[in-house]
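Novice: quick one: sequence and predicted model below, then my questions.
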Amino acid sequence: MVPVLAGGVAMLALAMGVGRFAYTPLLPAMQAATGLGGDGAGVLASLNYLGYFLGAVAVTRVPHGAVRGRVFRLSLAASVLSTAAMGLSDDRTVWAVLRLISGLASAGVFILGIAMVLDALTRAGRESLAAWIYTGIGAGIAGSGLFVGLAEPALGWNGCWLALGAIAGGLAILPWRAVRDHTADAAPVPAPAAAVPAAGAAFSLPLILLTAAYFLEGGGYIVTGTFLVALLKQAPDTAGVGAVAWMVAGLAGMGSGLFWGWLGRRIGPWPALLAAHVAQAAGIVLPLLGGPAAGVLSAALFGGTFIGIVSLSFTLGRQLSAGSAGRVVGTLTAVYGLGQIIGPLPAGMAVAHTGSYTAALTGAAVAVLAAAVLLAAGWVLSRRRTLSPATETVPCRT
């Protein structure tokens, strides 16, 4: 079981921590070397999230068995190659295609890989270890941040992409060998029923509020996730902590799922989610205060909340799903992906037009606080529904 769990951690470190988020610490060097503006940086980020969204939709149609294993390995290879290839060109059209491919690959690794690891844990009766898989995201962010901070002065942005591609290739060996679909030798079976919308399924009002909040969270958190290092390096008093801050974000992210899962069990998922959103909103605007301490604390709050929010939202969504857990998780994934696609676009344009991150960060914090308000309303409605057997539902249309 240890190799499977380690493979799960490694696959998220390479596909999410490196393939997806190494763009953030490398962005300032890419901008300085190529003249890439804030609006162009936002477009590249959004293309990566568009790829993730399209990939998330596509993999729901992948059947269990040998096909799932092959698509997972194809995704691993695509993540490694698209990471390395970023260092081979400074053409923005090429970058756009590569970031889109990276997003598609990260969805294949994340969704299919986690499903196979969870299947293995379930068969072994070790579901309690599932939260450890997500430490790979934080480990990848911290590792890529450390590498860029140390190597970028010598290798440059393009050399860093190539080296990170090689590192990702090394990381891919473990999940390639250990993460398998154990139905691969049997005849392929249709995709799980959860991937197909069930007739008559309905979303309760608390679940609708959770879904709307998750969309806003996707659009808000990703602004910090895209521009944090760039904005810190822009100001003279914080330029020295840009790489360090990204490492702090990764280290905080390693324990995020475990901490917020524990808090959710202690006080309930609604108040835990609400607290995570408020903490994240505070972290988003902290850099506006100026100073290295505010920048590093902002990174800690970003890394320490976003993985926990994902984990808690899925947990709560399943609790509210009324037997349609697969459809609810799919819907949450889709709206989060849309938020991630949309968020960097206005933020990047605001940076390009004003030369400042103030409007972008303020808008992102407002989106996350608006999500917190929706969660508070959902919590109140959920408590009322618990006290009364009567429920109100709205037909689910996704």
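Specialist: Received the coordinates, thanks.

Novice: and the helix or strand where V229 lies, which residues are buried?
Specialist: Taking DSSP states H and E as the criterion, V229 maps to helix 205-234. By neighbour count with 16 or more other CB atoms under 10 Å, helix 205-234 contains the buried residues 205-234. C-beta: built from backbone N, CA, C; applies to glycine.

Novice: and D119, how many neighbours?
Specialist: Neighbourhood size, D119 [other CB atoms under 10 Å]: 17.

Novice: what sits against it?
Specialist: Contact analysis of D119 by CB atoms under 8 Å, 6 or more residues apart in numbering lists 181-182.

Novice: can you show me the strands along this protein?
Specialist: Secondary structure of the chain by DSSP state E: the strands cover 202-204, 393-395.

Novice: which of the ones you listed has the lowest mean pLDDT?
Specialist: Mean pLDDT is lowest for strand 393-395 out of these, coming in at a mean of 43.

Novice: ok, now which ones touch Y336?
Specialist: So Y336 contacts 214-215, 217-218, 310 (CB under 8 Å, 6+ apart).

Novice: same check on A10?
Specialist: Applying CB under 8 Å, 6+ apart as the definition, the contact partners of A10 turn out to be 136, 171-172, 174-175.

Novice: what do you get if the cut-off is 7 Å, keeping everything else the same?
Specialist: 136, 171, 174-175 (CB atoms under 7 Å, 6 or more residues apart in numbering).

Novice: same check, this time on M247
Specialist: M247 neighbours (CB under 7 Å, 6+ apart): 142, 145-146, 149.

Novice: which of these ranks first by neighbour count?
Specialist: Highest neighbour count within the contacts of M247, by other CB under 10 Å: G145, with 29 neighbours.

Novice: what's the separation between that residue and A249?
Specialist: 7 Å (CB to CB, to the nearest Å).

Novice: one more: A230?
Specialist: For A230, the distance to A249 (CB to CB) stands at 14 Å.

Novice: got it, and A293?
Specialist: 15 Å.

Novice: comparing those two, which residue is more hemmed in?
Specialist: Shown here are A293 and A249; by other CB under 10 Å, A249 has more neighbours (31 against 12).

Novice: per-residue pLDDT, A371?
Specialist: Per-residue pLDDT puts A371 at 96.

Novice: ok, now L209?
Specialist: You'll see L209 listed with a pLDDT of 95.

Novice: and for the closest residue to it other than its chain neighbours, the neighbour number?
Specialist: Nearest residue to L209, sequence neighbours excluded (CB to CB, 6 or more residues apart in numbering): G378, at 3.6 Å. G378 has 25 neighbours, counted by other CB under 10 Å.

Novice: do R384 as well
Specialist: By the criterion of other CB under 10 Å, R384 has 12 neighbours.

Novice: that one and L345: what is the separation?
Specialist: From R384 to L345 the distance is 38 Å (CB to CB).

Novice: cool, W95 as well?
Specialist: Going from W95 to L345 by CB to CB gives 16 Å.

Novice: the two: which has the busier surroundings?
Specialist: Neighbours per residue (other CB under 10 Å) separate W95 from L345, with W95 holding more: 21 against 15.

Novice: and the nearest residue to that one once chain neighbours are set aside, what does it touch?
Specialist: Leaving aside its sequence neighbours, W95 sits nearest to L44 (CB to CB, 6+ apart; 5.9 Å). By CB under 7 Å, 6+ apart, the contact set of L44 is 95-96, 99.

Novice: follow-up on the earlier one: redo the contacts of Y336 as a markdown table? Include distance to T83 and pLDDT.
Specialist: Compiled in a markdown table, these are given as follows (distance: CB to CB, whole Å; pLDDT from 0 to 100):
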| residue | distance to T83 | pLDDT |
| --- | --- | --- |
| Y214 | 28 | 94 |
| F215 | 28 | 94 |
| E217 | 26 | 94 |
| G218 | 23 | 91 |
| V310 | 22 | 87 |
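
Novice: now, which of those residues sits nearest G156?
Specialist: Closest approach to G156 among the contacts of Y336 (CB to CB): G218, at 32.2 Å.

Novice: isn't the closest one right up against A334?
Specialist: No: with contact defined as CB atoms under 7 Å, G218 does not reach A334; the gap is 9.9 Å.

Novice: could you measure from the nearest residue in space to R123 that is not next to it in sequence over to L129?
Specialist: Spatially, and ignoring its direct neighbours in sequence, R123 is nearest to H182 (7.5 Å; CB to CB, 6+ apart). Using CB to CB, we find H182 at a distance of 17 Å from L129.

Novice: same thing with L12?
Specialist: Counting by CB to CB, the gap from L12 to L129 is 14 Å.
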